[in-house]
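In: Fold the following for me, if possible:
(chains A and B)
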Amino acid sequence: MDLKKLAAALIPDKDLLPPESYEEIYPERARAPKAEVTRLAPSPTGFIHLGNLYSALADERSAHTTGGIFYLRIEDTDEKRRVDGAVESVIRSLDYFGINFDEGAEIDSPLNKYGPYYQRRRAEIYRAFAKRLIERDLAYPCFCTEEELNAVREEQTAGKKTTGYYGSYAKCRSLSEERIYANLAAGKPYVIRLKSQGSADNKIIFRDEIKGEVTVTENDQDVVILKSDGIPTYHFAHAIDDHFMRTTLVIRGEEWLSSLPVHLELHKALGFRPPRYAHTSSLMKMDGGTKRKLSKRKDPELSLDYYRKAGYFPLAVVKYLMTILNSGFEEWSLKNPEADYRDFPFKVSKMGKSGALFDLDKLNDVSKTEISKLSAEQCYDFLKGWTDEFGTEADRQHFQDKTYIIDVLSLIMGIGGKKRRKDIERAEQGVRLIDYFFDDTFAPEYNYRFGKDTVNAVLKSFAEKYDPSDDNGAWFAKVKAIAPEVGFAAEMSEYKTAPEKFGGNVSDVAEILRIAVTGKPDSPDLCTIMRILGKRRVLKRLSDAEIL
RNA sequence: GGCCCUGUGGUCAAGCGGUUAAGACGGAGCCCUCUCAAGGCUCAAUCCCGGGUUCGAUUCCCGGCAGGGUCACCA
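Out: Below is the predicted model:
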């Protein structure tokens, strides 16, 4: 059979470049020996999720800790799945979490010399190589219909055979020249398949950057490389793109491990040296009694929007992911609390081999400590950013008064002091925590644990003694002084030795005042709260709180 | 079902033939304290099972079992 003629008939494109020329068009990158070139290669199917972020972070860190390049390639070979605006959304979402590309689709960079970065725009490259494969008898046309393929699969399943297009099941592999041209003349649609040279009897020992030595079966499947619309499949596009974009390290989910033999054979057929691969274990979730991969449909916590809405600090999400990515990160963070996470010596080889369960408690903990490190200004910006988008009208109103909010936050969060409040995981909690500092959202619940006479006596007595210029010591001395007036112990030690002799103690006096002023039995330092609220408001709240 | 990956406390996990089997989150308790928060201290809790190899296996080998993944003209 005249393969050159066949190739020309199958891929009649006029001005395809000779495949070899691409080696010069996309030369090896000048880079330091250890610098990694990595990529994120999403299909533009819509919104990016936590799994993507996780993977992107591994890519980005691998590139940037080695002085390499991290680029964005769009795998848009499946027209049906395309969603408008998806690319911008990927870039924006990642940017929100502080992850940026050096190069690639929609990235404004002088480094963009390996594009186009959309696979649909690289059609001629794939077709040039497919043509070359046909000429070399490493690929052939297949006219099988979906029905025929399904029938074969059913037969294979029934006979407990390996499913797929291989060996004697690969009918079109041995089509006669006449038959091929007749089909072509009849206008039958066709795909181009790889003519596999492998055998399922052979094992390949492969070194994965995460899993270590992996034993896989050699590929013997005549996989489709060009679909009937002339667009490549993922497998084919991956081999060509990662070669010519000079990717050194392909980091992808472990669901790809099973198609690794295909990729290895494709690289061989194409005459490329394969990149190094790192197959990451996936994020899992506990469902019922068993673990399962986090799912886009079922699990809202997979969506990145979920974290934005809930008001997690973006850096916290990233750091949480870092703790899963490299377990040494957590210990390192503890030793270097002020350090930028980017200074951590990230290594793909240190990534866990087994799928980690997504742990909300841990995320909450990381988020708490990140928020507790914010300056008053940063805290204000963070909370304001959240209220602008997700808060109530009242919240937005409150955040107009920046100086007042900053005073409140400094107190509530303990900013500047030695004791930082460290229980705010999400912006929303922080915003709700300061409601009582505003008259319109002050919603007291007067749940006193003492009777009317005691409560009113405490309230009245304090109102008489109250002087806004008192410092903490003077303020507390006054609170103490009220205790004996209502039969409470002024000293805790005194109370502890004989609790039955008193109706209560100083902390109970403080509790009554606290409920009156903040509307709740718990709050930060009451003295400071009163100072921020101001005399007029304090006195009003004290009298409003009396039991009638 | 075939093939592949994984298997240390509830969770994330160090560990690479000899350890009292780290640490973190979560849980329980105590202390401190005007309450909350924070902080300090203490406690409970782990090597999937069975065979080997070895003086000695969590660690190496084999076999089970369990969980996950994958078997498309989707990526």
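In: and stretch A:292-300, how far out from the chain's middle?
Out: 13 Å (Cα atoms, centre = their mean, to the nearest Å).
In: Could you list the buried residues of it?
Out: In terms of neighbour count (16 or more other Cβ atoms under 10 Å), stretch A:292-300 has its buried residues at A:Lys293, A:Leu294, A:Asp299. Just so you know, the C-beta spots here come from the backbone N, C-alpha and C atoms, and that holds for glycine as well.
In: what's the answer for stretch A:244-262, then?
Out: Neighbour counts using 16+ other Cβ under 10 Å place A:244-254, A:256-257, A:259-262 of stretch A:244-262 among the buried residues.
In: Could you list which of those also contact RNA strand B?
Out: Restricting those to those near RNA strand B by Cβ under 7 Å from any atom of the strand leaves A:Glu254, A:Trp256, A:Leu257, A:Ser259.
In: low-scoring stretches of the stretch 201-350 of chain A, by residue?
Out: A:288-289 (pLDDT under 70).
In: how about the strands in it?
Out: Using DSSP state E, counting those that start in this stretch, the strands assigned to the stretch 201-350 of chain A run over residues A:203-208, A:212-217, A:224-226, A:249-253, A:276-280, A:284-287, A:290-293.
In: which one of these lies closest to A:Ala158?
Out: If you check each of the strands of the stretch 201-350 of chain A against A:Ala158 by Cβ to Cβ, strand A:212-217 wins as the nearest, at 22.2 Å.
In: Quickly name whichever of the ones next to RNA strand B among the buried residues of stretch A:244-262 is closest to A:Tyr312.
Out: Of all those, A:Tyr312 sits closest to A:Glu254, with 26.5 Å by Cβ to Cβ.
In: Now that closest one. Nearest residue, chain neighbours left out?
Out: Closest residue to A:Glu254 apart from its sequence neighbours, by Cβ to Cβ, 6 or more residues apart in numbering: A:His279 at 4.4 Å.
In: beta partners for that neighbour?
Out: On the basis of DSSP bridges, A:His279 is bridged to A:Arg252.
In: Quick check: residues of the stretch 401-548 of chain A near RNA strand B?
Out: So far as Cβ under 7 Å from any atom of the strand goes, the stretch 401-548 of chain A lies against RNA strand B at A:414, A:419-423, A:472, A:476, A:479, A:492, A:506-507, A:510-511, A:514, A:521-527.
In: Selection in ChimeraX covering whichever of those are buried, please.
Out: Per 16+ other Cβ under 10 Å, the buried members of these correspond to this ChimeraX selection:
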select /A:414,420,421,476,479,506,510,511,514,523,524,525,526,527
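In: contacting residues for A:Tyr26?
Out: Residues near A:Tyr26 by Cβ atoms under 8 Å, 6 or more residues apart in numbering: A:Lys113, A:Tyr114, A:Phe244, A:Met245, A:Arg246.
In: go with 7 Å
Out: A:Tyr114, A:Phe244, A:Arg246 (Cβ atoms under 7 Å, 6 or more residues apart in numbering).
In: how deep is A:Asp305 tucked in, by neighbour count?
Out: By other Cβ atoms under 10 Å, 12 other residues sit near A:Asp305.
In: In space, what's closest to it - neighbours in sequence excluded?
Out: Leaving aside its chain neighbours, A:Asp305 sits nearest to A:Phe47 (7.3 Å; criterion: Cβ to Cβ, 6+ apart).
In: what does the model give that neighbour for pLDDT?
Out: A:Phe47 carries a pLDDT value of 78.
In: can you check A:Phe488 too?
Out: The per-residue pLDDT reported for A:Phe488 equals 91.
In: got the CA coordinates for stretch A:153-168 in CSV?
Out: Output in CSV follows, covering the C-alpha atoms of stretch A:153-168 (Å, rounded to 0.1, in the frame of the first residue of the first chain):
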residue,chain,number,x,y,z
ARG,A,153,-17.7,-4.1,23.5
GLU,A,154,-20.7,-6.1,24.5
GLU,A,155,-19.3,-9.2,23.0
GLN,A,156,-16.1,-8.6,24.8
THR,A,157,-17.8,-8.0,28.1
ALA,A,158,-19.9,-11.1,27.7
GLY,A,159,-16.8,-13.2,26.9
LYS,A,160,-14.9,-11.6,29.8
LYS,A,161,-12.3,-10.2,27.4
THR,A,162,-10.6,-6.9,27.8
THR,A,163,-12.7,-4.3,26.1
GLY,A,164,-11.4,-2.0,23.4
TYR,A,165,-10.1,-1.8,20.0
TYR,A,166,-7.0,-4.0,19.8
GLY,A,167,-5.7,-7.2,18.2
SER,A,168,-8.2,-9.1,16.2
